[in-house]
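Peer 1: dropping a prediction and its sequence here:
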Amino acid sequence: MRLSLWLPTFTHGQPRFGNLASRAREAERAGYDGIYLLDHLLPISGVHTSAWLDTVVGLATLAACTERVSIGTASMVVGFRHPVLLAKQFASVAVLAGPRLGLGAGSGWYAPEYEAFGYQVGERGRRTDETLEAFSMLMTQERVSFHGRYWSFDDITIEPRPDTRIPILVAGGSRTVDAGSENDRPRMAPSVLRRIVRWDGWIAPCAGNEELTYRDLDIVQKELREERVSRQGDFHLTHVQWTHIVDTDDRERALSEQLPLFRSLMGLHHSDQHFIDTYLVGSRQDIQARVSRIRDHGFDEIIVGPVTHDPSQIQLILDTLRPVC
(Lines give C-alpha, C1' and ligand atoms only; values in the text may rest on other atoms or scores of the structure.)
Protein backbone atom coordinates (compact mmCIF):
# COMPACT_ATOMS: atom_id res chain seq x y z
CA MET A 1 0.00 0.00 0.00
CA ARG A 2 1.33 3.43 -0.93
CA LEU A 3 1.96 5.87 1.91
CA SER A 4 1.44 9.54 1.11
CA LEU A 5 1.36 12.78 3.06
CA TRP A 6 -1.41 15.34 3.39
CA LEU A 7 0.80 18.41 3.59
CA PRO A 8 -0.75 20.81 6.13
CA THR A 9 -1.87 24.01 4.41
CA PHE A 10 -4.46 25.03 7.02
CA THR A 11 -4.06 28.38 8.74
CA HIS A 12 -4.93 27.06 12.20
CA GLY A 13 -2.05 26.93 14.64
CA GLN A 14 1.24 28.57 13.81
CA PRO A 15 1.93 27.88 10.13
CA ARG A 16 5.12 29.01 8.46
CA PHE A 17 4.03 28.82 4.87
CA GLY A 18 7.39 30.11 3.70
CA ASN A 19 8.62 26.61 4.59
CA LEU A 20 6.03 24.82 2.45
CA ALA A 21 8.50 23.96 -0.31
CA SER A 22 11.16 22.76 2.12
CA ARG A 23 8.61 20.57 3.93
CA ALA A 24 7.59 19.02 0.59
CA ARG A 25 11.22 18.35 -0.33
CA GLU A 26 11.76 16.83 3.11
CA ALA A 27 8.78 14.50 2.62
CA GLU A 28 10.05 13.45 -0.80
CA ARG A 29 13.55 12.71 0.54
CA ALA A 30 12.09 10.79 3.47
CA GLY A 31 10.39 8.37 1.09
CA TYR A 32 6.70 9.24 0.85
CA ASP A 33 5.01 8.05 -2.33
CA GLY A 34 2.87 11.15 -2.79
CA ILE A 35 2.10 14.59 -1.39
CA TYR A 36 -1.48 15.86 -1.47
CA LEU A 37 -3.40 18.98 -0.52
CA LEU A 38 -6.83 19.49 1.01
CA ASP A 39 -9.05 22.22 -0.36
CA HIS A 40 -11.47 24.76 1.04
CA LEU A 41 -12.24 28.14 -0.48
CA LEU A 42 -13.51 29.82 2.69
CA PRO A 43 -12.79 29.56 6.42
CA ILE A 44 -14.91 26.70 7.69
CA SER A 45 -16.26 25.24 10.89
CA GLY A 46 -17.75 21.82 11.52
CA VAL A 47 -15.57 19.03 10.19
CA HIS A 48 -12.55 21.31 10.64
CA THR A 49 -12.16 24.80 12.04
CA SER A 50 -9.70 26.66 9.83
CA ALA A 51 -8.96 28.40 6.57
CA TRP A 52 -6.62 27.01 3.90
CA LEU A 53 -4.09 28.15 1.34
CA ASP A 54 -5.31 28.24 -2.24
CA THR A 55 -4.95 24.69 -3.52
CA VAL A 56 -3.80 25.45 -7.07
CA VAL A 57 -1.06 27.74 -5.73
CA GLY A 58 -0.01 24.91 -3.44
CA LEU A 59 0.05 22.42 -6.32
CA ALA A 60 2.24 24.73 -8.38
CA THR A 61 4.64 24.91 -5.43
CA LEU A 62 4.75 21.11 -5.20
CA ALA A 63 5.30 20.81 -8.95
CA ALA A 64 8.24 23.18 -8.79
CA CYS A 65 9.99 21.80 -5.70
CA THR A 66 9.58 18.02 -6.08
CA GLU A 67 10.63 15.57 -8.77
CA ARG A 68 9.53 12.02 -7.88
CA VAL A 69 6.41 11.98 -5.72
CA SER A 70 2.86 11.97 -7.01
CA ILE A 71 1.05 15.23 -6.28
CA GLY A 72 -2.59 16.16 -6.29
CA THR A 73 -5.68 17.13 -4.34
CA ALA A 74 -7.38 14.97 -1.75
CA SER A 75 -9.70 16.45 -2.37
CA MET A 76 -10.76 19.64 -4.18
CA VAL A 77 -14.33 20.95 -4.14
CA VAL A 78 -15.05 21.19 -7.86
CA GLY A 79 -18.82 21.75 -7.95
CA PHE A 80 -18.60 25.53 -7.81
CA ARG A 81 -15.50 25.83 -10.02
CA HIS A 82 -15.91 26.68 -13.70
CA PRO A 83 -14.50 23.76 -15.71
CA VAL A 84 -12.64 25.98 -18.19
CA LEU A 85 -10.69 27.72 -15.44
CA LEU A 86 -10.14 24.44 -13.60
CA ALA A 87 -8.82 22.78 -16.76
CA LYS A 88 -6.48 25.69 -17.50
CA GLN A 89 -5.08 25.58 -13.96
CA PHE A 90 -4.56 21.82 -13.86
CA ALA A 91 -3.14 21.70 -17.38
CA SER A 92 -0.58 24.32 -16.40
CA VAL A 93 0.42 22.46 -13.23
CA ALA A 94 0.60 19.19 -15.17
CA VAL A 95 2.97 20.71 -17.71
CA LEU A 96 5.23 21.72 -14.81
CA ALA A 97 4.92 18.44 -12.90
CA GLY A 98 4.83 15.91 -15.71
CA PRO A 99 2.72 12.75 -15.32
CA ARG A 100 2.63 12.98 -11.51
CA LEU A 101 -0.52 15.08 -11.07
CA GLY A 102 -3.95 13.79 -10.10
CA LEU A 103 -7.27 15.48 -9.41
CA GLY A 104 -9.05 14.25 -6.31
CA ALA A 105 -12.51 15.76 -6.68
CA GLY A 106 -15.40 16.11 -4.29
CA SER A 107 -18.73 17.89 -4.22
CA GLY A 108 -18.07 19.55 -0.84
CA TRP A 109 -20.40 20.07 2.08
CA TYR A 110 -19.96 23.67 3.23
CA ALA A 111 -22.94 25.69 1.96
CA PRO A 112 -21.31 29.18 2.11
CA GLU A 113 -18.74 28.10 -0.48
CA TYR A 114 -21.54 27.52 -2.99
CA GLU A 115 -23.54 30.53 -1.88
CA ALA A 116 -20.52 32.80 -2.48
CA PHE A 117 -21.10 32.22 -6.22
CA GLY A 118 -24.87 32.39 -6.07
CA TYR A 119 -25.28 28.60 -6.17
CA GLN A 120 -27.08 26.22 -3.80
CA VAL A 121 -25.33 23.40 -1.96
CA GLY A 122 -28.24 21.17 -2.92
CA GLU A 123 -26.95 21.34 -6.50
CA ARG A 124 -23.50 20.14 -5.49
CA GLY A 125 -23.72 16.63 -6.91
CA ARG A 126 -25.10 17.59 -10.31
CA ARG A 127 -22.69 20.52 -10.60
CA THR A 128 -19.77 18.23 -9.73
CA ASP A 129 -20.80 15.73 -12.41
CA GLU A 130 -20.96 18.45 -15.08
CA THR A 131 -17.67 19.98 -14.00
CA LEU A 132 -15.85 16.65 -14.23
CA GLU A 133 -17.32 15.77 -17.62
CA ALA A 134 -16.40 19.15 -19.09
CA PHE A 135 -12.96 19.13 -17.41
CA SER A 136 -12.16 15.72 -18.89
CA MET A 137 -13.17 16.84 -22.37
CA LEU A 138 -11.12 20.00 -22.14
CA MET A 139 -8.04 18.05 -21.04
CA THR A 140 -8.23 15.49 -23.84
CA GLN A 141 -9.72 17.27 -26.87
CA GLU A 142 -8.39 20.15 -28.93
CA ARG A 143 -11.64 22.09 -29.28
CA VAL A 144 -14.52 21.61 -26.90
CA SER A 145 -18.10 22.79 -26.77
CA PHE A 146 -20.24 21.85 -23.80
CA HIS A 147 -23.86 22.63 -22.98
CA GLY A 148 -25.17 21.40 -19.66
CA ARG A 149 -27.62 22.54 -17.07
CA TYR A 150 -25.04 24.59 -15.17
CA TRP A 151 -22.06 25.15 -17.51
CA SER A 152 -22.14 26.12 -21.16
CA PHE A 153 -19.34 27.17 -23.53
CA ASP A 154 -18.32 26.83 -27.18
CA ASP A 155 -15.12 26.12 -29.08
CA ILE A 156 -12.67 26.29 -26.17
CA THR A 157 -9.05 25.16 -26.46
CA ILE A 158 -6.78 24.67 -23.45
CA GLU A 159 -3.13 25.24 -24.22
CA PRO A 160 -0.69 23.97 -23.17
CA ARG A 161 -2.17 20.58 -22.37
CA PRO A 162 -0.23 17.72 -20.78
CA ASP A 163 0.79 14.75 -22.91
CA THR A 164 -0.70 12.28 -20.45
CA ARG A 165 -4.21 12.16 -19.02
CA ILE A 166 -4.75 13.48 -15.49
CA PRO A 167 -6.51 10.76 -13.45
CA ILE A 168 -9.67 11.77 -11.60
CA LEU A 169 -10.38 10.22 -8.21
CA VAL A 170 -13.75 10.94 -6.64
CA ALA A 171 -14.07 11.65 -2.92
CA GLY A 172 -17.20 10.82 -1.00
CA GLY A 173 -19.01 8.18 0.96
CA SER A 174 -20.73 7.39 4.21
CA ARG A 175 -20.08 9.64 7.19
CA THR A 176 -21.67 9.86 10.58
CA VAL A 177 -23.19 13.19 11.56
CA ASP A 178 -20.29 13.85 13.96
CA ALA A 179 -17.68 13.11 11.29
CA GLY A 180 -19.36 15.13 8.54
CA SER A 181 -21.98 17.82 8.23
CA GLU A 182 -25.74 18.12 8.03
CA ASN A 183 -25.38 17.32 4.32
CA ASP A 184 -23.69 13.95 4.99
CA ARG A 185 -25.38 10.60 5.59
CA PRO A 186 -24.20 7.33 7.19
CA ARG A 187 -24.79 5.51 3.90
CA MET A 188 -23.31 6.11 0.48
CA ALA A 189 -25.76 7.83 -1.85
CA PRO A 190 -26.40 6.09 -5.20
CA SER A 191 -25.38 9.27 -7.05
CA VAL A 192 -22.02 9.29 -5.24
CA LEU A 193 -21.43 5.64 -6.11
CA ARG A 194 -22.17 6.32 -9.79
CA ARG A 195 -19.75 9.24 -9.75
CA ILE A 196 -17.01 7.14 -8.13
CA VAL A 197 -17.12 4.28 -10.63
CA ARG A 198 -17.42 6.69 -13.57
CA TRP A 199 -13.84 7.86 -13.05
CA ASP A 200 -10.42 6.49 -12.11
CA GLY A 201 -10.55 5.92 -8.37
CA TRP A 202 -12.13 6.58 -5.02
CA ILE A 203 -10.97 8.66 -2.04
CA ALA A 204 -12.63 7.29 1.09
CA PRO A 205 -13.23 9.93 3.78
CA CYS A 206 -12.84 9.69 7.54
CA ALA A 207 -16.26 8.15 8.02
CA GLY A 208 -16.73 8.27 11.78
CA ASN A 209 -15.90 4.61 12.32
CA GLU A 210 -13.97 1.94 10.48
CA GLU A 211 -16.91 -0.27 9.66
CA LEU A 212 -18.56 2.43 7.53
CA THR A 213 -15.36 2.76 5.50
CA TYR A 214 -15.09 -0.99 4.92
CA ARG A 215 -18.78 -1.27 4.08
CA ASP A 216 -18.38 1.48 1.48
CA LEU A 217 -15.31 -0.30 0.10
CA ASP A 218 -17.33 -3.47 -0.38
CA ILE A 219 -20.05 -1.47 -2.16
CA VAL A 220 -17.55 0.20 -4.50
CA GLN A 221 -15.78 -3.06 -5.31
CA LYS A 222 -19.09 -4.83 -5.98
CA GLU A 223 -20.17 -2.05 -8.33
CA LEU A 224 -16.84 -2.24 -10.14
CA ARG A 225 -17.22 -5.97 -10.64
CA GLU A 226 -20.70 -5.51 -12.03
CA GLU A 227 -20.22 -2.39 -14.12
CA ARG A 228 -16.54 -2.04 -14.98
CA VAL A 229 -14.87 -5.41 -15.08
CA SER A 230 -12.47 -4.27 -17.79
CA ARG A 231 -11.32 -1.24 -15.75
CA GLN A 232 -10.79 -2.80 -12.30
CA GLY A 233 -7.03 -3.04 -12.71
CA ASP A 234 -6.78 0.71 -13.35
CA PHE A 235 -9.03 1.77 -10.48
CA HIS A 236 -7.22 3.27 -7.46
CA LEU A 237 -8.60 2.92 -3.92
CA THR A 238 -7.38 5.60 -1.52
CA HIS A 239 -8.20 6.39 2.10
CA VAL A 240 -7.44 9.71 3.82
CA GLN A 241 -6.71 10.02 7.51
CA TRP A 242 -5.53 12.46 10.17
CA THR A 243 -3.04 11.70 12.92
CA HIS A 244 -0.60 12.99 15.48
CA ILE A 245 2.10 10.47 16.31
CA VAL A 246 3.32 10.35 19.90
CA ASP A 247 6.46 8.25 20.23
CA THR A 248 5.13 5.96 22.94
CA ASP A 249 3.53 2.57 23.43
CA ASP A 250 1.39 4.00 26.25
CA ARG A 251 -2.11 4.51 24.82
CA GLU A 252 -3.35 6.86 27.56
CA ARG A 253 -0.26 9.02 27.42
CA ALA A 254 -0.59 9.28 23.64
CA LEU A 255 -4.30 10.19 23.83
CA SER A 256 -3.64 12.85 26.46
CA GLU A 257 -1.45 14.67 23.91
CA GLN A 258 -3.46 13.87 20.78
CA LEU A 259 -7.03 14.67 21.80
CA PRO A 260 -6.49 18.37 22.61
CA LEU A 261 -4.72 18.84 19.27
CA PHE A 262 -7.54 17.16 17.36
CA ARG A 263 -10.15 19.16 19.24
CA SER A 264 -8.31 22.39 18.46
CA LEU A 265 -8.41 21.74 14.69
CA MET A 266 -11.67 19.81 14.38
CA GLY A 267 -13.82 21.72 16.88
CA LEU A 268 -14.58 21.77 20.58
CA HIS A 269 -17.99 20.16 20.11
CA HIS A 270 -16.57 16.70 19.35
CA SER A 271 -16.26 14.02 22.04
CA ASP A 272 -13.10 12.08 22.85
CA GLN A 273 -14.79 8.93 21.57
CA HIS A 274 -15.49 10.58 18.22
CA PHE A 275 -11.78 11.22 17.69
CA ILE A 276 -10.87 7.70 18.81
CA ASP A 277 -13.43 6.13 16.47
CA THR A 278 -12.66 8.34 13.48
CA TYR A 279 -8.92 9.03 13.28
CA LEU A 280 -5.47 7.50 13.73
CA VAL A 281 -4.93 8.05 17.44
CA GLY A 282 -3.58 6.11 20.41
CA SER A 283 -0.22 4.44 20.79
CA ARG A 284 2.03 3.65 17.85
CA GLN A 285 0.79 0.05 18.01
CA ASP A 286 -2.85 1.22 17.96
CA ILE A 287 -2.21 3.32 14.87
CA GLN A 288 -0.20 0.60 13.12
CA ALA A 289 -2.96 -1.94 13.79
CA ARG A 290 -5.61 0.31 12.23
CA VAL A 291 -3.49 1.04 9.17
CA SER A 292 -2.81 -2.69 8.80
CA ARG A 293 -6.56 -3.30 8.70
CA ILE A 294 -6.96 -0.58 6.06
CA ARG A 295 -4.25 -2.28 3.99
CA ASP A 296 -5.70 -5.76 4.46
CA HIS A 297 -9.15 -4.64 3.34
CA GLY A 298 -7.69 -3.75 -0.04
CA PHE A 299 -6.85 -0.06 -0.20
CA ASP A 300 -4.06 0.86 -2.60
CA GLU A 301 -2.96 4.04 -0.83
CA ILE A 302 -3.36 5.87 2.44
CA ILE A 303 -2.88 9.65 2.64
CA VAL A 304 -2.14 10.77 6.19
CA GLY A 305 -2.19 14.35 7.42
CA PRO A 306 -0.76 15.75 10.65
CA VAL A 307 -3.15 17.91 12.69
CA THR A 308 -0.39 20.40 13.50
CA HIS A 309 2.40 22.16 11.64
CA ASP A 310 5.04 20.38 13.74
CA PRO A 311 7.73 19.44 11.17
CA SER A 312 8.85 16.41 13.20
CA GLN A 313 5.54 14.70 12.33
CA ILE A 314 6.69 14.18 8.73
CA GLN A 315 9.34 11.68 9.81
CA LEU A 316 7.37 10.26 12.73
CA ILE A 317 4.41 9.38 10.50
CA LEU A 318 6.68 7.75 7.95
CA ASP A 319 8.65 5.76 10.52
CA THR A 320 5.45 4.55 12.20
CA LEU A 321 3.42 3.64 9.14
CA ARG A 322 5.88 2.54 6.45
CA PRO A 323 6.45 -0.90 8.11
CA VAL A 324 2.71 -1.69 7.87
CA CYS A 325 1.96 -0.24 4.42
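Peer 2: Done, it's in.
Peer 1: the longest strand belonging to the chain - what's its average pLDDT?
Peer 2: Scanning the chain for the strand with the most residues, using DSSP state E, yields strand 236-243. Mean pLDDT, computed over strand 236-243, is 98.
Peer 1: hmm, who's touching that strand?
Peer 2: Residues outside strand 236-243 that contact it (Cβ atoms under 8 Å, 6 or more residues apart in numbering): 6, 74, 104, 167, 169, 171, 200-206, 213, 217, 220, 262, 279-281, 287, 294, 298-307, 317. Any C-beta I mention is one placed from the backbone N, CA and C, and that applies to glycine too.
Peer 1: show only the entries of the residues you listed found in helices.
Peer 2: If you go by DSSP state H, the contacts of strand 236-243 have 213, 217, 220, 262, 287, 294, 317 in helices.
Peer 1: dump the residues you listed into CSV; add distance to Thr55 as well.
Peer 2: Shown next, in CSV, are the ones in helices among the contacts of strand 236-243 (distance: Cβ to Cβ, whole Å):
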residue, distance to Thr55
Thr213, 24
Leu217, 26
Val220, 25
Phe262, 23
Ile287, 27
Ile294, 25
Ile317, 21
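Peer 1: give me the buried entries from the contacts of strand 236-243.
Peer 2: 6, 74, 104, 167, 169, 171, 200-206, 213, 217, 220, 262, 279-281, 287, 294, 299, 301-307, 317 (16 or more other Cβ atoms under 10 Å).
Peer 1: show me those residues that map onto strands.
Peer 2: Judged by DSSP E, the buried ones among the contacts of strand 236-243 include 6, 104, 169, 171, 201-204, 301-306 as members of strands.
Peer 1: quick one: which of the residues you listed is nearest to Glu226?
Peer 2: Proximity of these to Glu226 (Cβ to Cβ) peaks at Trp202, which lies at 15.4 Å.
Peer 1: give me the pLDDT for the closest one.
Peer 2: Trp202 is assigned 98 on the pLDDT scale.
Peer 1: list the contacts of it.
Peer 2: By Cβ under 8 Å, 6+ apart, the neighbours of Trp202 are 169-171, 173, 196, 220, 235-238.
Peer 1: and what of Arg187?
Peer 2: Ser174.
Peer 1: which non-adjacent residue is nearest Leu217?
Peer 2: What sits nearest to Leu217 in space, not counting adjacent residues and going by Cβ to Cβ, 6 or more residues apart in numbering, is His297, at 5.9 Å.
Peer 1: also Tyr214?
Peer 2: Once flanking residues are discounted, Tyr214 sits nearest to His297: 5.3 Å by Cβ to Cβ, 6+ apart.
Peer 1: for the spatially most central residue of the chain, give its distance to Arg187.
Peer 2: Central residue of the chain (Cα atoms, centre = their mean): Ala74, 1.8 Å from the mean position. To Arg187, Ala74 is 22 Å away according to Cβ to Cβ, to the nearest Å.
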